[in-house]
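[1] Turn this into a model:
(one chain, ligands or ions: 2)
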Amino acid sequence: MKPTAGEPGSLYLKQLEIGPMANFVYLIGPAGSRDAIVVDAAWDIEAIIQAAARDERRIVGALVTHWHPDHTNRIQELVEATDAKVYIHADDVPWLREPVGNIVQVAGGHELPVGDITIRFLHTPGHTPGSQCFLVRDRLVSGDTLFIDACGRTDLPGGDPEQLYRSLSGTLAKLGDETVLLPGHNYAVLTPRRPMRPDRKARRGRISGIFNRGATQRAGMRRPPNVTRLRGRDTSEPRACAGPPPRRCPF
Ligand SMILES: [Zn+2]
Ligand SMILES: [Zn+2]
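    Residues are numbered from 1 along each chain as shown. Ligands and ions are numbered 1, 2, ... in the order given. Okay, the predicted model is just below:
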């Protein structure tokens, strides 16, 4: 088999929608290589491995955005099939429900080189204590920290709306407007009230669509009083910010 073609320094990135909760799984790697890193391998490991194989790639590592089962179920099958290391933030390791081998506990700031690309790990707690996003070039794989037009819920065990506020308005808001958002679920819908969203396929968005002044104010994410208000929320209203997602994430 020939290696995947591509310019030196360019990026291979594939988005797969898998499972009953519209989870997005990502394959990432350098162009011109046979290696792929998978993000949030769950639900159907064979389908993920086959998707990589169709692109003449083998999975050499696994990144976990957070411990929730819809992002980690059956990941041990991946370990057994590929012997990939599993990179998970140390604060989420204690929450894993099932034993997982080959774990590498990481912290924010970790960098994983893969060929001629580097994946940067950003610790973005709030949805879970050890939630992390992965930045590669101008692509941000955000897990359940940030969706298109919404952010992750904070009412589940370990969730914290103040931490999520800081992760969104601090860590992620610093990213450039050119950053492309690749969320953990396909929750976005097309509505005419969002004229700034550039991607009409609703599979990814740009940070500018989330954090520009107008969008951010509409989402209620600029002012700390929003966080105070959220503390008193009934858990029947689990969202921490932004408009209602079309489907509620059970995890
Ligand atoms: Zn999820
Ligand atoms: Zn989650």
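
[2] right, is stretch 18-35 up against ligand 1?
    No - using Cβ under 5 Å from the ion, stretch 18-35 never reaches ligand 1; the gap is at least 6.3 Å. For every residue, glycine as well, the C-beta is placed using N, CA and C.

[3] how far does that stretch sit from the chain's center?
    11 Å (Cα atoms, centre = their mean, to the nearest Å).

[4] E80: helix or strand, and which one exactly?
    If you go by DSSP states H and E, E80 is part of helix 75-82.

[5] for that helix, packing partners?
    Counting contacts by 3 or more Cβ pairs under 8 Å, 6 or more residues apart in numbering; DSSP states H and E, helix 75-82 packs against helix 45-54, strand 58-63, strand 85-89.

[6] Let's see that with 6 Å instead.
    Using 3 or more Cβ pairs under 6 Å, 6 or more residues apart in numbering; DSSP states H and E, no helix or strand is in contact with helix 75-82.

[7] so it versus strand 58-63, what angle?
    Using axes from the mean of the first three to the mean of the last three Cα atoms, to 10 degrees, one finds that helix 75-82 and strand 58-63 are set 150 degrees apart in direction.

[8] who touches helix 75-82?
    Contacts with helix 75-82, where a contact means Cβ atoms under 6 Å, 6 or more residues apart in numbering, come from 41, 45, 59, 62, 100-102.

[9] Tell me the residues of the stretch 1-150 of the chain that contact ligand 2?
    Residues of the stretch 1-150 of the chain lying near ligand 2 (Cβ under 5 Å from the ion): 68, 144.

[10] cutoff 8 Å now
    Contacts of the stretch 1-150 of the chain with ligand 2, taken as Cβ under 8 Å from the ion, map to 65-66, 68, 70-71, 127-128, 131, 143-144.
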